[in-house]
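Student: Return atomic coordinates for the entry below.
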Amino acid sequence: MNSKEVYKQKIEEELKQVQAKLAEFETPQKSLTADARIKYTKQVDNLKQKVNAMRPN
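Tutor: Below you'll find the predicted structure:
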């Protein structure tokens, strides 16, 4: 395996870890107000989009 493939696998593994963390954040805390829940959900969605954009082709 060349260094490019090793690097690509490393990045893909790191992205999987980030996606797992995001999955934990997807369910807003019950203690949040409705406005805070909406803002929280938008932030999580924004992070998910950024993570997906980083995925190697």
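
Student: what's the pLDDT at Tyr13?
Tutor: One thing to correct before we go on: residue 13 is Glu, not Tyr. pLDDT, Glu13: 90.

Student: how many neighbours does it have?
Tutor: Around Glu13 there are 10 other residues, counting by other Cβ atoms under 10 Å. C-beta: built from backbone N, CA, C; applies to glycine.

Student: which residues touch it?
Tutor: If you count contacts by Cβ atoms under 8 Å, 6 or more residues apart in numbering, Glu13 has none.

Student: Quick check: buried residues in the one helix or strand it maps to?
Tutor: Counting by DSSP states H and E, the element that carries Glu13 is helix 3-25. Buried residues in helix 3-25, counting neighbours by 16 or more other Cβ atoms under 10 Å, are absent.

Student: pLDDT on the following helix or strand past that helix, on average?
Tutor: Per DSSP H and E, helix 3-25 leads on to helix 34-54 as the next helix or strand towards the C-terminus. Mean pLDDT, helix 34-54: 86.

Student: Run the chain-centre distance for helix 34-54.
Tutor: Counting by Cα atoms, centre = their mean, to the nearest Å, helix 34-54 is centred 9 Å from the centre of its parent chain.
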